[in-house]
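Q: Got a predicted structure plus its sequence, pasted below:
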Amino acid sequence: YIVPLSYAESFVGLDEEVWDEVKRFQTSLRRMFQTEERDVLFLETVTRASRSSANGGGTALQAKMEVVPVPRSVERDAPLYFKSALAEVAQEWGTHSKAIALDDRKTLRNAVPKGFPYFYCGWEGG
């Protein structure tokens, strides 16, 4: 897992400096796994905002991002696999079930509002 040292309910809510460090660490992990002829997927699931705990209800959740090393062929097929799987479970995610493609300009942090539940899957170039 990648877990920020200071509390954050999601990676969307991290300070800019911490987010930049997470991105650098992801790049280092990609390079490390490439030497082993593998690629890596980064996964984060945010199911509820912990801000309710500040108001006396719920349990505060700490952000964590799973790091999943995979064969290169799996990483290449990740966009198709995840779009298909998310379409199959769209009803479970309520009204906001659209898959949002991210790139250098449209990042996780500017595509998802703070406090929104989301599932993130990141791979090289996506």
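A: Ah, there it is.
Q: wait, what's in contact with Phe42?
A: 2, 26, 65-68, 120-123 (C-beta atoms under 8 Å, 6 or more residues apart in numbering). (Glycine included, C-beta is placed from N, CA and C.)
Q: Any of the residues you listed buried? List them.
A: For the contacts of Phe42, a neighbour count by 16 or more other C-beta atoms under 10 Å gives the buried set as 2, 26, 65, 120-123.
Q: hmm, back to that, helices - which of the contacts of Phe42 land there?
A: Among the contacts of Phe42, the residues falling in helices (DSSP state H) are Gln26.
Q: Which ones among the contacts of Phe42 map onto strands?
A: With DSSP state E as the criterion, strands contain 66-68, 120-122 from among those.
Q: okay, Pro69: pLDDT?
A: For Pro69, the model assigns a pLDDT of 96.
Q: just for this structure, where's the confidence low?
A: For the chain, residues meeting the criterion pLDDT under 70 lie at 48-60, 92-97, 125-126.
Q: For the chain, just list every one of the helices.
A: Ranges of helices in the chain, per DSSP H, are 16-34, 51-54, 72-88, 108-111.
Q: Give me the distance between the last one and the centre of its chain.
A: In this case it means helix 108-111. 10 Å (C-alpha atoms, centre = their mean, to the nearest Å).
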